[in-house]
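**Q** I would like to see how this sequence folds:
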Amino acid sequence: MHHRQKEEKEYMLAELGYDNFYVICRRGMTLLKFKEILAKFDNQKRVAAISDIAEAGVFVTSDREFMRMLGLMSQSIHHHSHFLNLEITRQGHHIQRWSKQYLNKKDIDTKETDASAKALARTCLSAILTMTFWPGSTGMTPQQMEILLYLYSVSNSYISYSRLFDVFAGNTNNFKFSSAIRALVTDELIIKHGRGNVKEYSISALGIKQVNTFINKTINLNSF
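**A** Residues are numbered from 1 along each chain as shown. Reported below is the predicted structural model:
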């Protein structure tokens, strides 16, 4: 680990489930001042804390952002549309003049809408097929994966238990839902935050990695 590059250390720590983050701020920021800002978050004085962060010029990035961006980059680079764009660029280099074609704007919009709808339908089908075999390959229940997907979509927020339950209302019951939440916390795929009597949750770096794997498998099933 000592001789590894910074990014390699970040990835290995995230893989092992260790939280890590970097703090960048203006000169003059002390540890005591930083703890005072954190205390305001704990005391639900979020507006005052955000104001202090802006005034002090504080920027924080964590393992969760790193894993999420790494997943997005992987999905983009390994998707076959990326290789298609490379081939188009290579061929276009040798083409001096492109033939001109007039197309009605309404026709173009209609074709784009139709293509988007078909792409969405294929993506939905791929996600359903991925979810079908997901429990067998990971040991996770569909309910757990659904919770992970939702928390991934709001990865920079703390979501209360009641709000989470409302999202899936009608598709589960309280016992099954609470069991799924406990399993995700135990497996360190989500993080439980204590704010007074309110239980709040956010996705962890390991959870983001799990979602990245799910998305990659969904994309691989999709043929554009």
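**Q** hey, where'd the strands end up in this protein?
**A** 21-24, 59-62, 159-160, 190-195, 198-203 (DSSP state E).
**Q** what's the shortest one in contact with?
**A** Looking back up the chat, that one is strand 159-160. 150-151, 198-202 (C-beta atoms under 8 Å, 6 or more residues apart in numbering). All C-beta spots, glycine's among them, are computed from the backbone N, C-alpha and C.
**Q** how near is G57 to A48?
**A** G57 sits 17 Å away from A48, going by C-beta to C-beta, to the nearest Å.
**Q** isn't L129 up against L221?
**A** Yes. Using C-beta atoms under 8 Å, L129 is in contact with L221, at 5.7 Å.
**Q** for the closest residue to V185 other than its chain neighbours, which residues make a bridge with it?
**A** Distances taken as C-beta to C-beta, 6 or more residues apart in numbering place K192 nearest to V185, at 5.1 Å, with adjacent residues excluded. Beta-bridge pairing for K192 (DSSP bridges): Y201.
**Q** quick one: pLDDT of K192?
**A** Confidence at K192, expressed as pLDDT, is 88.
**Q** ok, now how distant is it from K111?
**A** Applying C-beta to C-beta to K192 and K111 gives a distance of 48 Å.
**Q** and those two? Which one has more around it.
**A** K192 (14 against 11; other C-beta atoms under 10 Å).
**Q** before we move on, back to that, the residue nearest to V185 contacts V198, correct?
**A** No. Taking C-beta under 8 Å as the definition, K192 is not a contact partner of V198, at 11.2 Å.
**Q** ok, longest helix in this protein?
**A** helix 105-138 (DSSP state H).
**Q** quick check: mean pLDDT of it?
**A** Mean predicted lDDT for helix 105-138 stands at 81.
**Q** any buried residues in that helix, and which?
**A** Within helix 105-138, the residues scored as buried using 16 or more other C-beta atoms under 10 Å are 126-127, 130-131, 134.
**Q** still on that earlier bit, tell me which of the strands of the chain sits most buried.
**A** Ranked by mean neighbour count under mean count of other C-beta atoms under 10 Å, the strands of the chain are led by strand 198-203, which reaches a mean of 19.
**Q** which residues sit against that one?
**A** 64, 148, 151-152, 155, 157-161, 164, 181, 185, 189-194, 211.
**Q** mind exporting the C-alpha coordinates of it to PDB?
**A** Only the C-alpha atoms of strand 198-203 are listed here, as PDB (Å, rounded to 0.1, in the frame of the first residue of the first chain):
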ATOM      1  CA  VAL A 198     -35.000   9.800  12.900                       C
ATOM      2  CA  LYS A 199     -33.300   7.000  11.100                       C
ATOM      3  CA  GLU A 200     -31.700   8.000   7.900                       C
ATOM      4  CA  TYR A 201     -29.800   6.100   5.200                       C
ATOM      5  CA  SER A 202     -27.300   6.700   2.400                       C
ATOM      6  CA  ILE A 203     -25.600   4.400  -0.100                       C
END
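**Q** one step back: and the longest helix of the chain, what does it pack against?
**A** helix 142-153, helix 205-221 (3 or more C-beta pairs under 8 Å, 6 or more residues apart in numbering; DSSP states H and E).
**Q** so which of those gets nearest Q5?
**A** Set against Q5 and scored by C-beta to C-beta, those come closest in helix 205-221, at 18.0 Å.
**Q** what's the mean pLDDT across the closest one?
**A** 86.
**Q** and it, which residues are buried?
**A** 205-219.
**Q** count of neighbours near S51?
**A** 13.
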